[in-house]
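In: requesting a structural model of the entry that follows:
(4 chains)
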Protein chains: 2
Amino acid sequence: MRESCRFSMAVHAMTVLAHRAREGHDGPMTSAEMADSINTNPVIVRRLLAALAQAGLVDTRPGNGGGAWLARDASRITLDQVHRAVEPPGGLIAMHDDTNGDCPVGSTIGDVLSDAIGRAEAALHAALEKITLAEIVQATMKHCPAAAAKARRAK
Amino acid sequence: MRESCRFSMAVHAMTVLAHRAREGHDGPMTSAEMADSINTNPVIVRRLLAALAQAGLVDTRPGNGGGAWLARDASRITLDQVHRAVEPPGGLIAMHDDTNGDCPVGSTIGDVLSDAIGRAEAALHAALEKITLAEIVQATMKHCPAAAAKARRAK
DNA sequence: TCATCGGTATCTATATTGGTTACAGTCGGC
DNA sequence: GCCGACTGTAACCAATATAGATACCGATGA
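Out: Predicted structure coming up:
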């Protein structure tokens, strides 16, 4: 459990939602159904959905017949949006603090390194921004003939 | 302590080494001196140095008068090399596994996502590759007039 | 010979993660 | 109006990884 898996689980959940939308199912999907595909606990999924809903990427409805669905078309959702929604801010590369202020390097390395790290992380976010959820959905169907056939039938 | 600070501490340590080289000090620097600037334990520094030495970025010598020094000029060391040396492999963005193989999405999302994440991380590494240790040293001296003056005197 | 180093093993405190259970609130069907 | 099905949270747990600390061994040079 080195790092957080929230991002990958969130993309998984949203991909399942997109698959359902593609198949014509208009009704919401329950956290239990998504948890079954991700193979985790429904509470984990609900925690992710809460973050995704706050970011405006999904909508949810409580009560009988409730669940979650994509707030907009999968082609208008990027992986970067998902990442920012579910991962805590502050960056992927951590920095040490409490450096020695009496040392020329220790007193300045913080600013210098955070600038360099910021540029590197910006590159990663830019790359994630270029990938849409729709492309992920397309790729999963390419990898799985059964799902592709299912999608064709629904059309 | 969310993620590892090894990368930032390693860059800090190597920047200190580069500063010393720039000032004309040819002798090795002890882990205790570097630890003083980073404000950590000498053992932490030695662990980083061991990884950096294995990657061929620094050289070390045990015994009296021993210590560490840069294996080559700071302009020929990139932040990406440092990152790969001290951070465990496997990537910055983790993935969940044990997905439900009976689900069209669960059975394929692993391959699809690891491809997408791989592209994003490659972008980050490419950005780190463009930044040399020499640029970091230059920036620290820009931020700290005292160090810059010291470097001029040594010339 | 001996103090000074790196290298490494071992232990601890701590933070975060995914997971689990439990429960309040909401919704729709009967 | 009642009841079961859902979300939304809070509270807790076990596992894990981290930085840090202590201790010891071997190497080195004065």
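
In: contacts, neighbours, all on C-alpha from now
Out: Will do.

In: for DNA strand C, what is the nearest residue in chain A?
Out: Using Cα to the nearest atom of the strand, A:Gly63 is the residue of chain A that sits closest to DNA strand C, at 2.9 Å.

In: any idea how far A:Thr30 is from that residue?
Out: Applying Cα to Cα, to the nearest Å, the value for A:Gly63 to A:Thr30 is 11 Å.

In: more neighbours: which of the two?
Out: Under the neighbour definition other Cα atoms under 10 Å in any protein chain shown, A:Gly63 and A:Thr30 were set side by side, and A:Thr30 has more, 20 against 6.

In: how about that one, nearest residue that isn't a chain neighbour?
Out: Sequence neighbours aside, A:Gly67 is the residue nearest to A:Thr30 in space, at 4.4 Å (criterion: Cα to Cα, 6 or more residues apart in numbering or on different chains).

In: list the contacts of that neighbour.
Out: The contact partners of A:Gly67, taken as Cα atoms under 8 Å, 6 or more residues apart in numbering or on different chains, are A:28-31, A:60-61.

In: could you redo the last one with a cut-off of 10 Å?
Out: Contacts for A:Gly67 (Cα atoms under 10 Å, 6 or more residues apart in numbering or on different chains) come out as A:27-33, A:46, A:49, A:59-61.

In: so stretch A:52-59, near DNA strand C or not?
Out: No. Counting by Cα under 7 Å from any atom of the strand, no contacts exist between stretch A:52-59 and DNA strand C, the nearest distance being 12.5 Å.

In: all strands of chain A, in order?
Out: Under the criterion DSSP state E, chain A contains strands at A:58-61, A:67-70.

In: re the thing from before, between the contacts of A:Gly67, which is nearest A:Gln81?
Out: Of all the contacts of A:Gly67, the one with the least separation from A:Gln81 (Cα to Cα) is A:Leu49, at 13.4 Å.

In: burial count for the closest one?
Out: What A:Leu49 shows, counting by other Cα under 10 Å, is a neighbour count of 25.

In: ok, it - contacts?
Out: Applying Cα under 10 Å, 6+ apart to A:Leu49 gives the contacts A:10, A:13-14, A:31, A:43, A:55, A:57-60, A:67-69, A:85-86.

In: could you export the contacts of A:Gly67 as CSV, including distance to B:Asp97?
Out: As requested, the contacts of A:Gly67 are arranged in CSV below (distance: Cα to Cα, whole Å):
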residue, distance to B:Asp97
A:Gly27, 28
A:Pro28, 25
A:Met29, 22
A:Thr30, 21
A:Ser31, 18
A:Ala32, 18
A:Glu33, 17
A:Arg46, 19
A:Leu49, 19
A:Asp59, 26
A:Thr60, 26
A:Arg61, 28
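
In: read off the pLDDT value for the residue lying farthest from the centre of chain A.
Out: In chain A, counting by Cα atoms, centre = their mean, A:Asp102 sits farthest out from the average C-alpha position, at 42.3 Å. Predicted confidence (pLDDT) at A:Asp102: the value is 93.

In: same question, A:Arg153
Out: The pLDDT attached to A:Arg153 in the predicted structure is 49.

In: quick one: is the lengthiest helix in chain A near chain B?
Out: Residue-count comparison of every helix in chain A, with assignments taken from DSSP state H, identifies helix A:109-129 as the longest. Yes. In terms of Cα under 10 Å from any Cα of the partner chain, part of helix A:109-129 sits within range of chain B, namely A:109-117, A:119-129.

In: rewinding a little: from the contacts of A:Gly67, which would you call buried?
Out: Taking 16 or more other Cα atoms under 10 Å in any protein chain shown as the criterion, what is buried in those is A:28-32, A:46, A:49, A:59-60.

In: among those residues, which are in helices?
Out: Secondary structure of those is defined by DSSP H; positions in helices are A:31-32, A:46, A:49.

In: just to revisit the earlier point, what about DNA strand D: which of the contacts of A:Gly67 touch it?
Out: Restricting the contacts of A:Gly67 to those near DNA strand D - Cα under 7 Å from any atom of the strand - leaves A:29-32, A:46, A:49, A:60-61.

In: closest to A:Asp73 out of the buried ones among the contacts of A:Gly67?
Out: Distances from A:Asp73 to those, taken as Cα to Cα, are shortest for A:Asp59 (12.3 Å).

In: circling back: contacts only, for the residue farthest from the centre of chain A.
Out: Counting by Cα under 10 Å, 6+ apart, A:Asp102 makes contact with B:36-37.

In: tell me the centre residue of chain A?
Out: Most central in chain A (Cα atoms, centre = their mean) works out to A:Val82, at 3.4 Å.

In: cheers, nothing more for now.
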